[in-house]
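Colleague: fold the following, please.
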Amino acid sequence: MTRVLVLCTHNSARSQMAEGWLRQQAADRGLELDVHSAGTERTSVKPDAIAAMAEVGIDLSTHTSKRLDEVEDPWAFDVVLTVCDSANEACPVYPARTTRLHVAFPDPSGHPLERWREVRDAIRDAMARLVGALADGRTPTEDEVAGGRVGRAAN
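Modeller: Now for the predicted structure:
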C-alpha cells in the first residue's frame, strides 16, 4: 500500500481538502492509499473548508488538525506533498525512497466561499493527476501533479 502525506502550515484547509480528495479518488479507482495530512503547526479545520468539501460530498467534519509528529510513523511515506510554500520550506528531509512534491495553492482564508470553491477544484484536479499516476504504477512528477502551473502561490 502506498502511503501519502499532505503537508501545509496549519493543516486547517488546503491539506485537509487534499486528503479528502485523495481518499475519494483512490477509492473510486480501487487504489489502496494510506492518506494522511498534517501541518507544521496545529490549529483547527476551517469551517469554510468543511463547507466547500461538503458541497461535493466529502465530509471533513470529523477531521482534526495535527502536527507531523502526531501522525503515525511520520518518516515512512512514499509520497510527501506540500501544498503551501511555507510548509515546503519547513518540510523536514525524508529518506531517499520518499518522493517529495510541492504544488502550492493559494490560501482561501478570509475570502468568500467562491474562492474556497476555486481552490477546492484546483486541488481536486491536482489530486486526480497524483492518483492517476499512482494507479498507473508510476511515480508522479511535480510538473505532472501541478498540471503545468508554474510559480508560487500566496500563502
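
Colleague: so Lys66 makes contact with Thr43?
Modeller: No - counting by Cβ atoms under 8 Å, Lys66 stays clear of Thr43, with 10.0 Å between them. Backbone N, C-alpha and C define where each C-beta goes, glycine included.

Colleague: need the overlap of contacts for those two.
Modeller: Asn11 (Cβ atoms under 8 Å, 6 or more residues apart in numbering).

Colleague: between those two, tell me which one has more neighbours.
Modeller: Using other Cβ atoms under 10 Å, the more surrounded residue of Lys66 and Thr43 is Lys66, with 15 against 12.

Colleague: right, and the helix or strand after the lowest-mean-pLDDT helix or strand in the chain?
Modeller: Scoring the helices and strands of the chain by mean pLDDT, DSSP states H and E places helix 85-90 at the bottom, with a mean of 79. Moving toward the C-terminus from helix 85-90, the next helix or strand (DSSP states H and E) is strand 99-102.

Colleague: which residues does that following strand contact?
Modeller: 78-82, 85, 88, 91, 94, 130, 139-142, 145.

Colleague: mind redoing it with 10 Å?
Modeller: By Cβ atoms under 10 Å, 6 or more residues apart in numbering, the surrounding residues in contact with strand 99-102 are 2, 4, 6-7, 77-85, 87-89, 91, 93-94, 126, 130, 139-146, 152.

Colleague: thanks a lot, catch you later.
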